[in-house]
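Participant: Let's see this in three dimensions:
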Amino acid sequence: MALDTKHCRFTGRMVIVGFGSIGQGVLPLIFRHIDGITADRITIVTAEERGHDEADKFGVRFINNPLTRDNYAQVLEPLLGKGDFLVNLSVDVSSVALVEFCHRVGALYIDTCIEPWAGGYTDTTLTPSLRSNYALREQALAHRPDYAGGPTAVLTHGANPGLVSHFVKQALLNIARDTGHGAAEPATREQWAQLAHDLGIKVIHVAERDTQVSSIPKKVGEFVNTWSIDGFVGEGCQPAELGWGTHEKQLPPDGERHGFGCDASIFLNRPGASTRVRTWTPLEGPFHGFLITHSEAISIADFFTLRDGDRVVYRPTCHYAYHPSDDAVKSVHELAGKNWTIQKEKRLLMDEIVSGMDELGVLLMGNPKGVYWYGSRLTIGKARELAPYNNATSLQVTVSVLSGIVWAIENPNRGLIEPEDMNFRRVLEVATPYLGEVVGAYGDWTPLQDRNRLFPEDVDLEDPWQFKNIRVV
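Facilitator: Prediction:
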């Protein structure tokens, strides 16, 4: 599909809330691929001046006015009505509040994660369970019956969460093809879960290795990252969360169930940014990643759950396994050493990146053919060739936001939905031209590889796919 393809037509108004790296990266893609949208119909509402020059270049109205509990409705009501679109790319603004607002006024909605109001991620008056993504998701989905048939509100549709849920479906079909499974493409949630079960999938990682390198080294007292620093630190300070599979023999010593909701996941009583796991990608090979909490760990595990009445008979373990850029790893190490107090200086890597790529995909484990990774290999050079105002990491997110916007415009009355509810083929059709090399690859890696070599370890030799073997202790 050409990079100048108009995927849909939209003549309503659009408000972009938050204009950091993802907002700045998606704006030119909106103009490039959505017919009928004009600069005078877009308004940016944000909490800082960053990106004002770009907005001026495109002739887009720019309002520097942070949204709060007290003012969000007053600020947004003149800007949005029936048939308009709110693109929420902010931090510290309640997704639940904005979805409710959009439903009330008849506007479409999309975000990249379910955000609480400022301080919600680290509110120590709440239990770790109640400040988790699990709790935020349950809070949002509780409104689904009320919003049924209303304007479409797409929750959590960035790269991950978002794009990776569509990768999982394509990966399952690829494994089924390669192993002669012969199944027809599933048409229902239950059929997708049955396919994952029949293929023996026990664990799904969102396995990501970012190798982008800056010409300017990280300084002491500086947090450096290739995407939203506040977003990364916020989710990194939340409890580590993972969808909990039916093959798991025992909870981790610091693991707990939530005691409410769908019960598809557990949490650990420690921050995700201090929790490491073993994983694998085709180019990097084996590595240690951070188990950062993400909504896809819960929604994928929930979606691929098989039940016999009230009894769960199959569910895969699912979580993020993230190795950010090396300077970001140093930043996280320094952050942890300061007891999770963020550095005074922040630097988002963009123009100073000189090399590297983001290898982002899903790793499916348990099938006899071996582990299977499916995803995007996007270099910084290719990202710059494809779109302005982006690096490799941000472009994987911005094109997923674009594909979610397109899908919502084409399906305007679906109420509250998650990525797993969408047509994965349509999303990938829009996104793939911007993802660099999209590949699937098998490997013979397991988390038991080279274990017990230097020191004795407590591992489960009978089942390599136990979380006990995957976690780094």
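Participant: Could you identify the helix or strand that succeeds the helix ranked longest in the chain?
Facilitator: The residue-count maximum for a helix in the chain (DSSP state H) belongs to helix 392-410. For helix 392-410, the succeeding helix or strand toward the C-terminus, using DSSP states H and E, is strand 416-417.
Participant: what comes up buried for the helix or strand following that following strand?
Facilitator: Using DSSP H and E, the helix or strand that follows strand 416-417 in sequence is helix 424-431. Buried residues in helix 424-431, counted by 16 or more other Cβ atoms under 10 Å: 424, 426-428, 430-431. No exception for glycine: its C-beta is placed from N, CA and C like everyone else's.
Participant: Which stretches in the stretch 301-450 of the chain count as helices?
Facilitator: 326-337, 380-386, 392-410, 424-431 (DSSP state H, counting those that start in this stretch).
Participant: Which one of those helices lies nearest to P66?
Facilitator: helix 392-410 (21.0 Å; Cβ to Cβ).
Participant: The closest one - what's its average pLDDT?
Facilitator: Mean pLDDT, helix 392-410: 98.
Participant: And stretch 102-122, by the same measure?
Facilitator: pLDDT averaged over stretch 102-122 gives 94.
Participant: tell me which residues of it are tucked away?
Facilitator: 102-103, 105, 107-118, 120-121.
Participant: Check the separation of the first and last residues in it.
Facilitator: End-to-end distance for stretch 102-122, by Cα to Cα, to the nearest Å: 27 Å.
Participant: Stretch 245-260 now?
Facilitator: 17 Å.
Participant: contacting residues around the closest residue to G443 other than its chain neighbours?
Facilitator: Excluding the flanking residues, the one nearest G443 by Cβ to Cβ, 6 or more residues apart in numbering is V371, at 4.9 Å. Applying Cβ atoms under 8 Å, 6 or more residues apart in numbering to V371 gives the contacts 280, 363-365, 442-446.
Participant: Nearest to E235 among those residues?
Facilitator: L363 (20.1 Å).
Participant: which ones are touching that closest one?
Facilitator: L363 neighbours (Cβ under 8 Å, 6+ apart): 203-207, 279-281, 321, 371-373.
Participant: per-residue confidence for it?
Facilitator: So, for L363, pLDDT stands at 99.
Participant: Roughly how far does it sit from W373?
Facilitator: 5 Å (Cβ to Cβ, to the nearest Å).
Participant: How about F58?
Facilitator: Taking Cβ to Cβ, one finds F58 at 37 Å from W373.
Participant: Those two: which is more packed in?
Facilitator: Set F58 next to W373 and count neighbours by other Cβ atoms under 10 Å: W373 wins out with 25 against 14.
Participant: Map the structural domains onto the sequence of the protein.
Facilitator: 8-154, 163-394+424-472 (automatic domain parsing).
Participant: Out of those domains, the one nearest G404 is which?
Facilitator: Once the domains of the chain are compared by Cβ to Cβ, domain 8-154 is nearest, at 4.9 Å.
Participant: and whatever helix or strand Y109 lives in, what does it pack onto?
Facilitator: Using DSSP H and E, Y109 sits within strand 108-111. Applying 3 or more Cβ pairs under 8 Å, 6 or more residues apart in numbering; DSSP states H and E, one finds that strand 108-111 contacts strand 85-88, helix 95-105, strand 153-154, helix 392-410.
Participant: how about the ones you listed in JSON lines, adding distance to A47?
Facilitator: JSON lines is the format used below for the helices and strands packed on strand 108-111 (distance: least, Cβ to Cβ, whole Å):
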{"stretch": "strand 85-88", "distance to A47": "13"}
{"stretch": "helix 95-105", "distance to A47": "14"}
{"stretch": "strand 153-154", "distance to A47": "22"}
{"stretch": "helix 392-410", "distance to A47": "19"}
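Participant: for those, which one sits closest to S132?
Facilitator: Per Cβ to Cβ, nearest to S132 of the helices and strands packed on strand 108-111: helix 95-105, 14.5 Å.
Participant: In PDB, please show the C-alpha coordinates belonging to stretch 263-281.
Facilitator: Taking C-alpha atoms only, stretch 263-281 is exported to PDB below (Å, rounded to 0.1, in the frame of the first residue of the first chain):
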ATOM      1  CA  ASP A 263      -9.000 -12.600  37.300                       C
ATOM      2  CA  ALA A 264      -6.900 -13.000  34.100                       C
ATOM      3  CA  SER A 265      -3.700 -11.600  35.600                       C
ATOM      4  CA  ILE A 266      -1.600 -11.200  38.800                       C
ATOM      5  CA  PHE A 267       0.700  -8.500  40.100                       C
ATOM      6  CA  LEU A 268       4.000  -8.600  41.900                       C
ATOM      7  CA  ASN A 269       4.600  -6.500  44.900                       C
ATOM      8  CA  ARG A 270       7.500  -4.600  43.300                       C
ATOM      9  CA  PRO A 271       7.800  -2.000  40.500                       C
ATOM     10  CA  GLY A 272       8.000  -3.300  36.900                       C
ATOM     11  CA  ALA A 273      11.200  -1.300  36.400                       C
ATOM     12  CA  SER A 274      12.900  -3.400  39.000                       C
ATOM     13  CA  THR A 275      11.700  -6.800  37.600                       C
ATOM     14  CA  ARG A 276      13.600  -8.500  34.900                       C
ATOM     15  CA  VAL A 277      12.700 -11.500  32.700                       C
ATOM     16  CA  ARG A 278      14.400 -13.700  30.200                       C
ATOM     17  CA  THR A 279      13.200 -13.400  26.600                       C
ATOM     18  CA  TRP A 280      14.400 -13.700  23.000                       C
ATOM     19  CA  THR A 281      14.200 -11.900  19.600                       C
END
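Participant: So what's the gap between it and the chain middle?
Facilitator: 15 Å (Cα atoms, centre = their mean, to the nearest Å).
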